[in-house]
Structures are given as C-alpha cells and as structure tokens.
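# model the structure of this input:
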Amino acid sequence: MATDDLDTPLGQATRKTRARFPAAMPYVVAGVLALFSVAVVLWATFANDPLGGEPVAVVLTNPPVVKASADQAGAGKGEHDRYDGPSGKSATPAVAVKEEPQAPAGSKIITIINGASGTKQNIVVPDNAADKKTGSSEVTPAQPKATLPLTEKSPEGAIPTIGPQGERAMTIYAHPRKLPAAKTDAPRIAIIIGGMGISASGTAAALAKLPAFVTFAIAPYGSDLEALAARARQGNHELLLQAPMEPFDYPDNDPGPQTLLTSLTPAQNADRLHWLMSRFQGYVGIAGYMGARFTASEQAFAPVLKEIAKRGLIYVDDGVSPRSIAARIAAGQNFPFAKTDVVLDAVQTPLEVDHALARLELLAREHGSAVGMATALPSTVDRIANWAAQVEKRGIVLVPISMIALKAKSS
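Numbers count the residues shown, from 1 in each chain. All right, here's what the predicted structure looks like:
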C-alpha cells in the first residue's frame with residue numbers, strides 16, 4: 001500500500017532505510033577466531049621450539065675491550081679504541097670511561113692536604129712489605145738497600161743511631177757553611193723546602209734552582225726517596241724527614257699512613273716513627289708536619305722528641321700551631337731544636353711570598369736568626385731563588401738548618 005503524502009510532514013524528505021549486517025555475521029567472526037585458536041594450538045604442539053616462547057637476549061661472546069688511548073690518558077685527546085666485528089668492519093666507536101687511579105698491589109693511595117691552601121694531591125704510597133719476609137713465593141725478594149753510616153737495623157728497616165764514638169747524624173750529614181770573619185755575626189736565615197718528593201715538577205725546580213744552603217724536607221710518601229736523597233746530598237743540601245702528626249681535625253684531615261697519634265701508646269708511636277725514619281737515610285733531623293693536636297700533648301709528644309734526640313737528630317717545629325710545646329721540651333732535654341718563624345707560602349701567590357720573605361728578613365735582623373718554610377711548588381721555588389740571589393747583598397747570610405739549631409743549643 002502506498003504511503004499517503006498527506007501524512008508526511010511538510011519540508012522533510014522521506015527517511016531512507018539504513019543498511020544492516022546480515023544476522024549471521026557474528027557467527028562468521030566467531031568461526032574465524034576459533035580457527036585462529038586451533039592454528040595456535042597446533043603450532044605450539046608440533047613446532048620444534050626449545051625455548052618455549054621464553055624471552056631471548058643476544059650477547060656477544062667476545063665483547064669489545066673499552067680503554068682510553070695514551071693521548072686520552074695524558075691530554076684527554078685522541079680516538080677511542082674500536083671493535084672489529086665478525087665482518088671485519090669497524091663498529092661504532094666505544095666510549096672510553098675514565099677510571100679512578102688504582103694503587104699497585106701492596107700499596108695504597110692517600111690524599112695529602114696542604115693545611116695552608118687546602119689543595120689536595122693523591123699519592124701512591126708503597127708499604128714496607130718488600131723489606132720484610134712475606135713467605136710468598138710469588139713476591140720477588142727486595143734488593144738490600146745501601147746503608148749509610150750511623151744506622152741500625154729495626155723491624156721497619158735501617159734507622160738512625162748514635163755511633164760508638166758519639167757520632168750523630170745532625171753533624172755527620174750536616175753541610176755547615178764557612179763564613180768569613182766579617183759575617184760570623186751577621187743575621188742568619190735558614191730556608192726549608194718541604195714536600196720534596198711529592199710534586200715532580202716542584203722537586204726538580206728546587207734541585208735545579210736553589211742554592212746549596214737551602215734545606216730540603218723530604219715527605220715519606222714519595223717514590224724512590226733514596227735516589228732523591230742521594231741527589232740532594234750531592235748538591236750539598238741538608239735533609240730533614242717530614243713526620244706526619246695528628247691535627248685537630250683528624251681523621252677528616254689525614255696527613256697520611258703512619259701518622260703519629262695522641263690515641264696511641266708511646267711504643268706504638270715509636271714503631272710508626274721508625275717506619276718513617278726507614279724511608280730514606282742521610283738526614284740531619286725531623287720536621288713536624290701538621291700535628292697541632294699531637295704537638296700540644298705532652299704525654300704523646302714528649303716520648304717522640306726523646307726518641308728523636310736518642311737517635312742523634314735535631315727537631316724542627318713547622319711553626320703552624322701556637323700550642324706546640326716542642327720548644328719547652330727541647331729546652332728541658334737539651335737537644336738541638338729550631339722553630340719555623342714564617343710559613344712563606346701560606347698564601348701561594350708571588351706577591352705574598354715576597355712579602356713573607358721580607359718579614360723573615362726583619363725577624364732575622366731583630367733576633368739574629370730566623371727560619372722560613374715553604375712547599376716545593378714551582379712558583380714558590382722561583383720566588384725564593386730570586387730572593388736568595390740578592391739577600392746577602394743586604395747583609396744577611398743564608399745557612400742550612402743545622403747552623404741555626406746547633407747554635408741555639410750552644411747558646
């Protein structure tokens with residue numbers, strides 16, 4: 001029956017019937033999914049897959065060795081090492097990773113902190129295992145060290161001693177300066193360069209540029225100290241051994257292995273002192289390093305000074321701590337002693353070093369003698385070398401440390 005146009009609303013077209021999916025379509029989709037499921041089951045059943053669908057990772061059996069080239073180790077430049085794959089073609093350059101310095105077997109790395117400037121330096125310190133019997137067939141026996149006169153054997157190695165006729169290291173290894181009669185009463189200045197053996201450049205500069213009357217204080221943590229000491233003695237330099245002592249902020253500020261500590265017994269500190277003494281030979285005395293807490297403790301410090309005197313050595317206070325009782329104990333025990341009056345490079349700039357040297361001259365004129373100490377830095381060495389070339393024209397004589405310490409005792 002035809003639709004009556006009178007029943008159709010005005011202005012609207014007749015609606016068209018929408019297309020509809022056949023009623024059987026859901027059954028068709030279900031059938032496809034069922035067939036797929038059956039295919040998966042059949043594949044899992046009959047396929048030869050030993051991994052069973054587990055995750056798989058591919059790993060190179062010969063991974064590339066990543067290391068920095070020689071140029072990278074020294075100057076931070078150069079190409080990275082490359083890995084050639086099985087095809088023989090170079091793969092993508094590997095990224096070199098900068099490793100922390102590693103200490104050789106039987107050694108350790110310590111950080112030396114300059115108490116004046118706060119600068120730090122890593123030093124590889126060998127232990128004395130090579131000087132002792134280890135019982136291991138894998139350790140090559142150390143060659144015996146050439147011993148100098150006035151030494152005796154100890155569990156730590158050769159250490160100073162007083163000779164059978166009363167000979168002492170403070171005089172045997174001293175290099176006193178012969179002064180003309182007109183200068184015997186002239187103001188005297190002794191300059192001590194500490195930290196020798198730590199900085200290669202500073203040590204070389206000191207050996208090459210400073211006059212023989214400058215005293216070298218060798219740190220116990222450098223390498224090949226015997227050779228350094230022999231070279232310095234050939235240049236007629238007097239030598240001191242720097243002995244690390246406990247500061248107030250220990251262990252946050254650690255002078256290094258075998259530091260003399262207030263918490264140890266006198267016997268333990270004596271053992272540590274002997275280890276330090278055995279590092280090289282031919283020095284006239286001991287110079288304290290840091291040690292603000294240790295040198296203020298009579299219970300800890302007095303036995304050490306007594307041991308130093310017993311070995312025929314002088315003691316030099318580094319002048320850093322006003323609490324040090326070294327002068328009082330030295331006077332009571334009547335052994336040669338000297339105290340640093342001015343730390344020359346407390347501020348490590350050429351201008352401040354020059355000002356410190358000027359203050360040292362004033363003290364020498366006022367008291368008859370003065371002692372200055374500085375570290376073996378190339379810039380400091382240059383300033384002191386320039387000063388030493390001119391100072392005697394101003395009526396002051398430069399002398400080794402023994403001439404001030406021994407004169408103080410005789411006075």
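# what's the weakest-modelled helix or strand in the protein?
Least confident helix or strand, the chain: helix 70-75 with a mean of 41, by mean pLDDT, DSSP states H and E.
# so which residues of the chain form helices?
Ranges of helices in the chain, per DSSP state H, are 25-46, 70-75, 169-172, 200-209, 225-234, 266-277, 298-310, 326-333, 350-367, 378-391, 401-410.
# buried sites along the fourth one?
In other words, helix 200-209. Within helix 200-209, the residues that count as buried by 16 or more other CB atoms under 10 Å are 202-203, 205-207, 209. Backbone N, C-alpha and C define where each C-beta goes, glycine included.
# run the angle between it and helix 378-391 for me.
Orientation of helix 200-209 against helix 378-391 (axes from the mean of the first three to the mean of the last three CA atoms, to 10 degrees) gives an angle of 20 degrees.
# thinking again about what came up before, looking at the helices of the chain, which is closest to residue 316?
helix 401-410 (6.3 Å; CB to CB).
# for the closest one, list the C-alpha coordinates in CSV.
Taking C-alpha atoms only, helix 401-410 is exported to CSV below (Å, rounded to 0.1, in the frame of the first residue of the first chain):
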residue,chain,number,x,y,z
ILE,A,401,119.1,24.5,59.3
SER,A,402,121.8,22.8,61.4
MET,A,403,123.7,26.0,61.8
ILE,A,404,120.7,27.6,63.5
ALA,A,405,119.6,24.6,65.6
LEU,A,406,123.1,23.8,66.8
LYS,A,407,123.9,27.4,67.6
ALA,A,408,120.6,27.7,69.6
LYS,A,409,121.7,24.7,71.7
SER,A,410,125.2,26.1,72.3
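# name the helices or strands packed onto it?
Helix 401-410 is packed against helix 169-172, strand 188-196, strand 285-290, strand 314-317, strand 337-339, strand 369-375, with contacts defined by 3 or more CB pairs under 8 Å, 6 or more residues apart in numbering; DSSP states H and E.
# list the buried ones in it?
Buried, per 16+ other CB under 10 Å, within helix 401-410: 401-406, 408.
# what do you get for stretch 265-281?
Buried residues in stretch 265-281 (16+ other CB under 10 Å): 269-270, 272-281.
# list the contacts of that stretch.
Here stretch 265-281 makes contact (CB atoms under 8 Å, 6 or more residues apart in numbering) with 128, 131, 145, 147-148, 151, 154-160, 218, 220, 225-226, 228-229, 241, 243-244, 258-261, 264, 300, 303-304, 307-308, 311.
# report the buried members of the residues you listed.
148, 151, 156-160, 218, 220, 225, 228-229, 241, 243-244, 258-261, 264, 300, 303-304, 307-308, 311.
# next up, the contacts around the closest residue to residue 309 other than its chain neighbours.
Spatial nearest neighbour of residue 309, chain neighbours left out: residue 335 (3.9 Å); criterion: CB to CB, 6 or more residues apart in numbering. The contact partners of residue 335, by CB under 8 Å, 6+ apart, come to 305, 308-309, 314-315, 409.
# and these, which is closest to residue 38?
Distances from residue 38 to those, taken by CB to CB, are shortest for residue 308, at 96.1 Å.
# per-residue pLDDT, the closest one?
The model reports residue 308 with a pLDDT of 96.
# correct me if wrong: it contacts residue 288.
No: with contact defined as CB atoms under 8 Å, residue 308 does not reach residue 288; the gap is 10.1 Å.
# identify the contacts common to those two.
Joint contacts of residue 308 and residue 288 (CB under 8 Å, 6+ apart) are residue 315.
# sorry, back to before: let's have the helices and strands packed on helix 401-410 in a markdown table, adding distance to residue 385, mean neighbour count and mean pLDDT.
Formatted as a markdown table, the helices and strands packed on helix 401-410 follow (distance: least, CB to CB, whole Å; neighbours: other CB atoms under 10 Å; pLDDT from 0 to 100):
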| stretch | distance to residue 385 | mean neighbour count | mean pLDDT |
| --- | --- | --- | --- |
| helix 169-172 | 27 | 20 | 94 |
| strand 188-196 | 10 | 26 | 97 |
| strand 285-290 | 21 | 27 | 96 |
| strand 314-317 | 21 | 26 | 96 |
| strand 337-339 | 22 | 25 | 96 |
| strand 369-375 | 11 | 26 | 97 |
